[in-house]
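**Student:** Okay, sequence plus prediction incoming.
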Amino acid sequence: MNELRYTLISDGSSDQALLPILTWLLRQQNVNCPIQPDWADLRRLPKPAKKLVERLERAIELYPCELLFVHRDAERIPCEERKREILTVVERVSKKVNIPPALCVVPVRMQEAWLLFDGIAIRKAAGNPRGRDDLRLPPLRQLEDLPNPKEILHDLIREASGLNVHRQKKLHVNAIARRVAEFSSDFSLLRRLPAFLALEDDLGKIVQEQRWNL
């Protein structure tokens, strides 16, 4: 194929941070053609879609692609239960419109947990790549057990910036957090997390079925 287009459907703009991770996963499956990622930005629609079924329908209409990633954080719900919720909606939509292969992206508990393994990337995103302060990253094996990975990531960004407390308050930490994954070139450490490994396994099956790695 000449190009693989994929669309990420998610709850909020912060989830754009997943795009570099998803592209990396596709490359790991030997998808060697150009990859065109898109985040389905539905915020400015005259009638913004709120329910997942509505967002899925509008995303298919406005962001044509060969592959869909549907993201929802597991939060306090078991990962498999969250995946069943997503797949139920996908099946419902597929009865009304043609839908490309769809994959569930369900980090435990939040997608920010997948951004807490690379201190160098956090420093670069924070604009202080040569910072020497020791960043207290949580142990990798505990990432899926953290109660609030978003808060931890934001605190690490402030710390990594090297700014004093007053100037830290002016940082746009949400925007910086979205960029952390852009500064990572290798996400293989995340394979120690069951939710990440499940996503990679599911993606591998679709790539094989669609013969995108040939």
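**Tutor:** Sure thing, it's come through.

**Student:** What does residue 171 show for phi and psi?
**Tutor:** phi -70, psi 140 (degrees, to the nearest 10).

**Student:** correction: residue 4
**Tutor:** The phi/psi pair for residue 4 (degrees, to the nearest 10) reads phi -110, psi 120.

**Student:** what about it, distance to residue 209?
**Tutor:** 14 Å (CB to CB, to the nearest Å). C-betas here are computed from N, CA, C, even on glycine.

**Student:** which ones are touching residue 101?
**Tutor:** By CB atoms under 8 Å, 6 or more residues apart in numbering, the contact set of residue 101 is 66, 67, 68, 206, 209, 210.

**Student:** quick one, which of residue 4 and residue 209 is more surrounded?
**Tutor:** Neighbour count, other CB atoms under 10 Å: between residue 4 and residue 209, residue 4 has more, with 20 against 9.

**Student:** Sketch out the helices for the protein, chain order is fine.
**Tutor:** For the chain, applying DSSP state H gives helices covering 19-28, 52-62, 79-94, 119-125, 149-161, 165-168, 173-179, 194-210.

**Student:** Centre of the chain to the first one, how far?
**Tutor:** In other words, helix 19-28. 10 Å (CA atoms, centre = their mean, to the nearest Å).

**Student:** CA atoms only for it, dumped as CSV, please.
**Tutor:** Provided in CSV are the C-alpha atoms of helix 19-28 (Å, rounded to 0.1, in the frame of the first residue of the first chain):
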residue,chain,number,x,y,z
LEU,A,19,0.0,9.3,18.4
PRO,A,20,3.8,8.8,18.5
ILE,A,21,3.3,5.6,20.5
LEU,A,22,0.7,4.2,18.0
THR,A,23,3.0,5.0,15.1
TRP,A,24,5.9,3.3,16.8
LEU,A,25,3.8,0.2,17.4
LEU,A,26,2.9,0.1,13.7
ARG,A,27,6.6,0.4,12.7
GLN,A,28,7.3,-2.5,15.1
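
**Student:** Which residues belonging to that helix are considered buried?
**Tutor:** Using 16 or more other CB atoms under 10 Å as the test for burial, helix 19-28 gives 19, 20, 21, 22, 23, 24, 25, 26, 28.
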